[in-house]
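> sequence first, predicted coordinates after that:
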Amino acid sequence: MGKFLGNSLPSASDEAMPQNGGTASTNLLAQKRHFEVPPHWLGHLHLLLFLVVFFGKTHDCLAQTPLVFPEKTKNFTTDNLGNVYTITANNQVVKYTPDGQEQFRYPNRTLGEATLLDATNPFHLLLFFAQHQTVLTLDRTLNISGQFNLMQMGFQRADAVGMASDGALWVYDEASFLLKKIKADGTVVVQGNDLSLSIGRSLHPNFLLEREQTVFVNDPAVGVLVFDIFGQYRKSLSLLGLSEFQVMDDQLVYVKDGQLWSFHLTALLERSFILPFELKPDCKLRVANGWAFVLEGGILTGHRI
């Protein structure tokens with residue numbers, strides 16, 4: 001570890017011996033300052049620790065799966081409590097506890113194929129039907145609590161939607177180049193600046209996420225655009241080709257090219273982690289509250305960490 005930090009750690013005898021006429025306590029304080037880990041590395045170290053503990057246990061994660069979810073799965077997400085929400089092959093939504101116990105089910109008999117789940121707010125689960133440009137919100141027991149008909153609200157086409165922490169909806173309006181936050185009655189409560197002026201080109205986002213008073217909008221061809229809670233554009237991150245990601249503390253975590261990556265949002269440092277198994281192009285991985293979940297070929301597996 002000392003080599004990793006760029007220095008060799010002090011010995012016990014070094015800490016006890018005063019130097020240059022100073023006291024032992026003064027010398028120890030100086031050494032602690034000298035070997036302090038830079039703050040921007042802490043997030044990477046936390047993620048690295050997780051990988052060592054979890055992936056160090058097995059050479060084939062999928063071959064030693066402790067938990068296999070019972071139904072074919074098209075998509076899934078997790079909340080901050082570790083609950084798992086799946087879209088099944090027949091477009092039903094199922095909520096599971098982290099250890100795979102089914103809790104609730106939404107049958108979805110009318111709107112067809114659901115394309116997105118967002119559990120940013122587990123009391124207002126977002127379910128998006130892109131073909132019908134309709135968003136349903138479900139409560140914690142998967143009963144319908146609200147509905148947004150984007151066409152009726154004046155949106156010509158929206159592919160990137162996300163749940164706000166207060167139960168409103170974030171939508172990127174491609175026709176007006178604006179990020180908007182709307183209520184279920186269509187009232188626009190937040191509207192950002194014109195992005196065609198800020199970045200000089202049109203966007204075609206495929207993913208949107210609110211975390212920690214920040215909104216992240218992903219365009220695979222442009223990168224990840226960062227907005228404040230008022231919808232104002234702040235900066236772009238040159239992370240191309242992403243379909244989705246997680247934000248964990250100060251880390252943006254994603255899978256790309258068969259590897260797990262971490263991008264530090266403050267230090268702007270990117271780091272890859274080599275996994276002990278190959279992640280296929282259609283594989284999805286999420287980490288939540290002591291579990292790692294992997295979706296591959298319609299099979300969702302969970303791994304206790």
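Thanks, I have the structure now. This structure is a prediction, so every number in the text was calculated from the model and none was measured.

> any stretches of the stretch 51-200 of the chain with poor pLDDT?
Within the stretch 51-200 of the chain, the ranges that satisfy pLDDT under 70 run 51-66.

> mind doing that once more with 80?
Across the stretch 51-200 of the chain, the ranges flagged by pLDDT under 80 are 51-66, 109.

> quick one: the helices in it?
Residue ranges of the helices in the stretch 51-200 of the chain, as given by DSSP state H, counting those that start in this stretch, are 195-198.

> what's the spacing between stretch 137-151 and its chain's center?
In terms of C-alpha atoms, centre = their mean, to the nearest Å, the gap separating the centre of stretch 137-151 from the centre of its chain is 22 Å.

> just the C-alphas of that stretch, formatted as PDB.
Coordinates of each C-alpha in stretch 137-151 appear next as PDB, following Å, rounded to 0.1, in the frame of the first residue of the first chain:
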ATOM      1  CA  THR A 137     -45.000   6.700 -11.300                       C
ATOM      2  CA  LEU A 138     -45.500   3.800  -8.900                       C
ATOM      3  CA  ASP A 139     -45.500   3.900  -5.100                       C
ATOM      4  CA  ARG A 140     -43.400   1.600  -2.900                       C
ATOM      5  CA  THR A 141     -46.000  -1.200  -3.400                       C
ATOM      6  CA  LEU A 142     -46.000  -0.700  -7.200                       C
ATOM      7  CA  ASN A 143     -49.500   0.900  -7.400                       C
ATOM      8  CA  ILE A 144     -49.900   3.700  -9.900                       C
ATOM      9  CA  SER A 145     -49.400   7.100  -8.200                       C
ATOM     10  CA  GLY A 146     -49.200   9.400 -11.200                       C
ATOM     11  CA  GLN A 147     -49.000   9.700 -15.000                       C
ATOM     12  CA  PHE A 148     -47.200  12.000 -17.400                       C
ATOM     13  CA  ASN A 149     -48.400  12.100 -21.000                       C
ATOM     14  CA  LEU A 150     -45.500  13.900 -22.700                       C
ATOM     15  CA  MET A 151     -47.200  14.400 -26.000                       C
END
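
> how about that stretch: buried residues?
Residues T137, L138, R140, L142, S145, G146, F148, L150 are the ones in stretch 137-151 that count as buried (16 or more other C-beta atoms under 10 Å). Using the backbone N, CA and C atoms, a C-beta is placed for each residue, glycine as well.

> I'd say the fifth one and D139 touch.
Read that as S145. Yes - A contact is recorded between S145 and D139 when judged using C-beta atoms under 8 Å, the distance being 4.6 Å.
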